[in-house]
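>>> need a structure here:
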Amino acid sequence: MYIQNFQTFEVRPPLVQMSESRLRRKYTISWGEEKFVNDLGVEVYKIFSVEIGREFSYGSIISAIISQRYSNDDVTAISLNYLNKECASETKRIEYSAEYQALQDWRSMAKEVAAKAVAYAKERQWIE
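Residues are numbered from 1 along each chain as shown. Okay, the predicted model is just below:
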């Protein structure tokens, strides 16, 4: 249902990176603390990231992170299935509840990352 987009790095990148062109700023938000040993035997970080090219705000970061994993159609389907789960079989009720909980867990994580990213950018005076 969702795409698992991540990169690996030997050194963890900063939470927020800002780059500027002539007319606009672009922010890359990176998160993830999971470490593992890759195929070459090197310990690396599993890092997820999103780019924010529009307004850098708490809400836009949450939206970008959720959209990275779930399309709008996915969110709608998961939500409607969960709301209507009582009309489904026991197996489907369990499936719908698990999908909804996974979406909510991702959403909660997105809120945590967004709060930290906004604080990080404010500390560096990139935003007010």
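>>> which secondary structure state does the closest residue to residue 33 other than its chain neighbours sit in?
Counting by C-beta to C-beta, 6 or more residues apart in numbering, the nearest residue to residue 33 once its immediate chain neighbours are dropped is residue 45, at 7.2 Å. Glycine gets a C-beta too; all of them are placed from N, C-alpha and C. Per DSSP: H, G, I helix; E, B strand; the rest coil, the secondary structure class of residue 45 is strand.
>>> how near is residue 45 to residue 55?
Per C-beta to C-beta, to the nearest Å, residue 45 is found 28 Å from residue 55.
>>> can you check residue 12 too?
Residue 12 is 26 Å from residue 55, by C-beta to C-beta.
>>> with neighbour numbers in mind, choose between those two.
Remark: of residue 12 and residue 55, residue 12 carries more neighbours, 14 against 9, as counted by other C-beta atoms under 10 Å.
>>> what sits against the closest residue to the more buried one other than its chain neighbours?
In space, and not counting its chain neighbours, residue 12 is closest to residue 45: 4.8 Å by C-beta to C-beta, 6+ apart. By C-beta atoms under 8 Å, 6 or more residues apart in numbering, the contact set of residue 45 is 8, 9, 10, 11, 12, 32, 33, 34, 35.
>>> got the phi/psi numbers for residue 37?
Dihedral pair for residue 37: phi -100, psi 120, per degrees, to the nearest 10.
>>> and the pLDDT at it?
Note for residue 37: predicted pLDDT of 91.
>>> do residue 2 as well
pLDDT recorded at residue 2 is 44.
>>> also the one 3 residues further on?
Per-residue confidence for residue 5 comes out at a pLDDT of 73.
>>> how close does the nearest residue to it once chain neighbours are set aside sit to residue 128?
Nearest residue to residue 5, sequence neighbours excluded (C-beta to C-beta, 6+ apart): residue 68, at 6.1 Å. Going from residue 68 to residue 128 by C-beta to C-beta gives 26 Å.
>>> neighbour count winner among the two?
Using other C-beta under 10 Å as the criterion, residue 68 and residue 128 rank with residue 68 on top: 18 against 5.
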